[in-house]
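# Here you go, sequence then predicted model.
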Amino acid sequence: MSGGRLTQAERKQIALGLADDLPYAAIARRLDRPTSTITREVMRNGGPTAYRADLAQRATESRAHRRAQPTARGREAPVTGRERDGEAVRHYEETFTTLLMQQGMPKTTARVLTCLFTADAGSLTAAELVQRLQISPPSVSKAIKFLEIQGLVRRESDERRRVRYIVDDNVWYQSTIDSARGMAKVAEITRQGVDVFGHGTSTATRLENMARFTDFISESILEAAAKGREVLYPQPEMSSKDTGTR
């Protein structure tokens, strides 16, 4: 019977077994592991309905890193003043990346977006992303392309003519607007189906209900985004001197 930590390949087999509704004992036999090992693995990573091999692997790596960190920290200079706690930063980045992955974002793309969000400048070059994340240039390029399509990242050239990838308040606002417009397009297309399938039919009714719902959500998002601009771009408070009052 196998021992030691579960590998990523084994976790993928666990996920496949859960998708096939196999009992824990059957999955354990496939992997030559104790049933208790499979049970603990699944329950500590979301349970049978939410288990994902990549997230489980990432969580295990994160736990191992945190256990090893105190030893490594002993060789570092103590954190003083306004310096950041490197361990806390890494843990936060892990948490943020995992959150993005849980929402359906690919692992590398989630890591790139987290890196951009947590960079002090809010922007990085492709070379800087490669260096920080220790991934290949093609992987960075693929992730950036996905994020640009989603409207989460924009690019501009700096004074040295290097392309920098940026996340800022305007990108976040524009992404929300684009999402609302996408839902409005869904409403438009589904409403076209009402005429195609004929008013009063079950299909037309279903499409009309969907159109009304997505219309409502789209309008609500646009309205909320308009109000939200005041949060993103607060106006500086005017003094009594500026307003002419005493």
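Cool, got the structure.

# Report the separation between the residue nearest the centre of the chain and residue 165.
With distances taken as Cα atoms, centre = their mean, the residue of the chain nearest its centroid is residue 100 (1.7 Å). Residue 100 is 16 Å from residue 165, where distance means Cβ to Cβ, to the nearest Å. Yep, even glycine has a C-beta here, placed from its N, CA and C like the rest.

# Could you pull out the buried residues of the helix or strand the residue nearest to the centre of the chain falls within?
Here residue 100 sits within helix 86-102, counting by DSSP states H and E. Using 16 or more other Cβ atoms under 10 Å as the burial criterion, the residues of helix 86-102 that qualify are 87, 93, 94, 96, 97, 98, 100, 101.

# May I see those arranged in JSON lines, with pLDDT and distance to residue 12 as well?
As requested, these are exported to JSON lines (pLDDT from 0 to 100; distance: Cβ to Cβ, whole Å):
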{"residue": "87", "pLDDT": "80", "distance to residue 12": "30"}
{"residue": "93", "pLDDT": "88", "distance to residue 12": "24"}
{"residue": "94", "pLDDT": "87", "distance to residue 12": "21"}
{"residue": "96", "pLDDT": "89", "distance to residue 12": "24"}
{"residue": "97", "pLDDT": "89", "distance to residue 12": "19"}
{"residue": "98", "pLDDT": "87", "distance to residue 12": "18"}
{"residue": "100", "pLDDT": "87", "distance to residue 12": "20"}
{"residue": "101", "pLDDT": "87", "distance to residue 12": "15"}
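
# Residue 5: which of these is nearest?
The closest of those to residue 5 turns out to be residue 94 (Cβ to Cβ; 18.0 Å).

# What's the separation between the closest one and residue 108?
Taking Cβ to Cβ, one finds residue 94 at 14 Å from residue 108.

# again, but for residue 215
With Cβ to Cβ as the criterion, residue 215 and residue 108 are 36 Å apart.

# Over to residue 161?
Going from residue 161 to residue 108 by Cβ to Cβ gives 26 Å.

# Looking at those two, which is more packed in?
residue 108 (17 against 6; other Cβ atoms under 10 Å).

# Let me know the angle separating whichever strand or helix holds the more buried one from helix 86-102.
Residue 108 is part of helix 107-118 when elements are defined by DSSP H and E. If you take axes from the mean of the first three to the mean of the last three Cα atoms, to 10 degrees, helix 107-118 sits at 130 degrees to helix 86-102.

# following helix 107-118, which helix or strand comes up?
Once helix 107-118 ends, the next helix or strand along the chain (criterion: DSSP H and E) is strand 123-125.

# pLDDT averaged over that next one, what's the number?
For strand 123-125, mean pLDDT rounds to 91.

# just checking, next helix/strand downstream of that strand?
Following strand 123-125 in sequence order, the next helix or strand is helix 126-133 (DSSP H and E).

# what about residue 110, how many neighbours?
Residues near residue 110, counting by other Cβ under 10 Å, number 22.

# Next one: the closest residue to it other than its chain neighbours from residue 228, what distance?
With sequence-adjacent residues excluded and distances taken as Cβ to Cβ, 6 or more residues apart in numbering, residue 110 is closest to residue 100, at 3.7 Å. To residue 228, residue 100 is 21 Å away according to Cβ to Cβ.

# Nice, that's everything, thank you.
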